[in-house]
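Asker: Build me a structure from this.
(one chain, ligands or ions: 2)
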Amino acid sequence: PQRVIVDVDTGIDDSLALVFLLASPDAEILGIASTAGNVGVDRVAANNLGWLDLCRAPDIEVAVGSTLPLVIPLVTTEDTHGPHGIGYAELPPSARPLSTRSASDMWVDLARKHPGDAVGLVTGPLTNLALALRKEPALPQLLKRLVIMGGAFNYAGNTKPTTEWNISVDPEAAKIVFDAFSAAPADRRPIVCSLDITETIEMKSEHLERLARRAGSVPAETISVDEDATVRSRASNPLIRQLSDAVRFYMEFHRDHDQGFLSHMHDPFAAAVALDPSLVRTKPATVDVELTGTLTRGMTVADLAGMWGREPNVDIASQTDPAAFFDLLIERVGSFAGE
Ligand code: BDR
Ligand code: CA
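Answerer: Ligands and ions are numbered 1, 2, ... in the order given. The predicted structure follows:
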């Protein structure tokens, strides 16, 4: 299986990403780094442990990262992800211990232990990875590949007009990470799954229904999640119920922001790409992060035509088949939950 170092700010869609990886026979999670973002870092770590419990996962290291972004204060987004970061899901406190090493130390140690073998997946702000790069500047050579959910290249952000959330929380960290890959050979360039592609990954009620049906837990009509926001996720399967309760909150958020009764599966999509890069077509680009613009701070700017005269430092995911992604997600998570 593909070894993966995961870095998350769990997070509703981060939760799905974690469960997807746990459900994937071709993935081995080496460690989970918790980063402050959607909610505070302690809550993120607690959520990570909670999902491991619910999935009856073996011991997987969960490390805690910095409580703050590198330079600016932390902004969290309970509006989007719920008071605890997992929507309406409720996970009891876990008895699993947290790692004694910091998230950035864990990144460095795991990458050194598995040189050229581990894929890094970041679905939160890039704080931990930036700190890890300060400790081990050779990380870009030690990782097999890095997959990042973050950025918005086609102007429209989701946090500020031109800025995506993960970059917005810690733009300085994002710049450190993108700059660190400026000399990366083509096969080591990070794959960036920006909003331009992840917003085409729309999870709807029908997907949740298919998921429950695949898990064989209850007849589909008893778990439907519909627009009147009634709690209908009464699936007897605890994992399916909690996932549906998490996602329902996210769907309500998207509906309240005129995006329809659906939710964007940013992070699970990036997780799928980490396991199988052939899910996306990519375009090489030189990406930099705006740090000083008074209106555009945190914007990811992509040079696709070599105008800056700098080598490409990322591959931007530019095309995919969302239906194929949902088939994969539903098959893996559904069969795993039904086990
Ligand atoms: C990203 O922001 C977070 O709220 C989501 O979990 C995702 O990682 C999308 O912009
Ligand atoms: Ca996230």
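Asker: Just after the longest strand along the chain, pick out the following helix or strand.
Answerer: Ranked by residue count under DSSP state E, the longest strand found in the chain is strand 280-289. Per DSSP states H and E, strand 280-289 leads on to strand 300-303 as the next helix or strand towards the C-terminus.
Asker: What pairs with the next helix or strand after that following strand, parallel or antiparallel?
Answerer: Where DSSP H and E defines the elements, the next helix or strand beyond strand 300-303 is strand 314-320. Looking at strand 314-320 with DSSP bridges, its partner strands are strand 191-193 (parallel), strand 280-289 (antiparallel).
Asker: contact partners of the shortest one?
Answerer: If you take CB atoms under 8 Å, 6 or more residues apart in numbering as the criterion, strand 191-193 is touched by 145-151, 266, 269-270, 273, 277, 280, 282, 287, 300, 314-317. From N, CA and C alone the C-beta is placed, and that goes for glycine too.
Asker: For PyMOL, write the selection for the buried entries among those residues.
Answerer: Provided next is the PyMOL selection string for whichever of the contacts of strand 191-193 are buried by 16 or more other CB atoms under 10 Å:
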select buried, resi 145+146+147+148+149+150+151+266+269+270+273+280+282+287+300+314+315+316+317
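Asker: Ligand 1 next: which of the contacts of strand 191-193 are close?
Answerer: With CB under 6 Å from any ligand atom as the criterion, those include 149, 266 near ligand 1.
Asker: looking at the strands paired with strand 314-320, which is buried most?
Answerer: Neighbour counts (mean count of other CB atoms under 10 Å) averaged over each of these peak at strand 191-193, with a mean of 27.
Asker: mean confidence for the very next helix or strand once past that strand?
Answerer: The helix or strand immediately downstream of strand 191-193 is helix 195-198, counting by DSSP H and E. Confidence for helix 195-198, expressed as mean pLDDT, is 98.
Asker: Likewise for stretch 180-188?
Answerer: The average pLDDT for stretch 180-188 rounds to 94.
Asker: Just the terminal-to-terminal distance for that stretch.
Answerer: 12 Å (CA to CA, to the nearest Å).
Asker: Can you point out the buried residues in it?
Answerer: 180-181, 184, 188.
Asker: and it, how far from the chain's centre?
Answerer: 22 Å (CA atoms, centre = their mean, to the nearest Å).
Asker: Name the residues that touch it?
Answerer: Applying CB under 8 Å, 6+ apart, the contact partners of stretch 180-188 are 133, 137, 139-141, 143-146, 189-190, 284, 286, 310-314.
Asker: Same check on stretch 49-65?
Answerer: Contacts for stretch 49-65 (CB under 8 Å, 6+ apart): 7, 10, 15, 18-19, 22-23, 29-36, 41-42, 45, 48, 86, 91-94, 96, 98-99, 101-106, 127-128, 131, 238-239, 242, 336.
Asker: Could you confirm whether stretch 193-207 reaches ligand 2?
Answerer: No. Between stretch 193-207 and ligand 2, judged by CB under 5 Å from the ion, nothing touches; the nearest distance is 10.2 Å.
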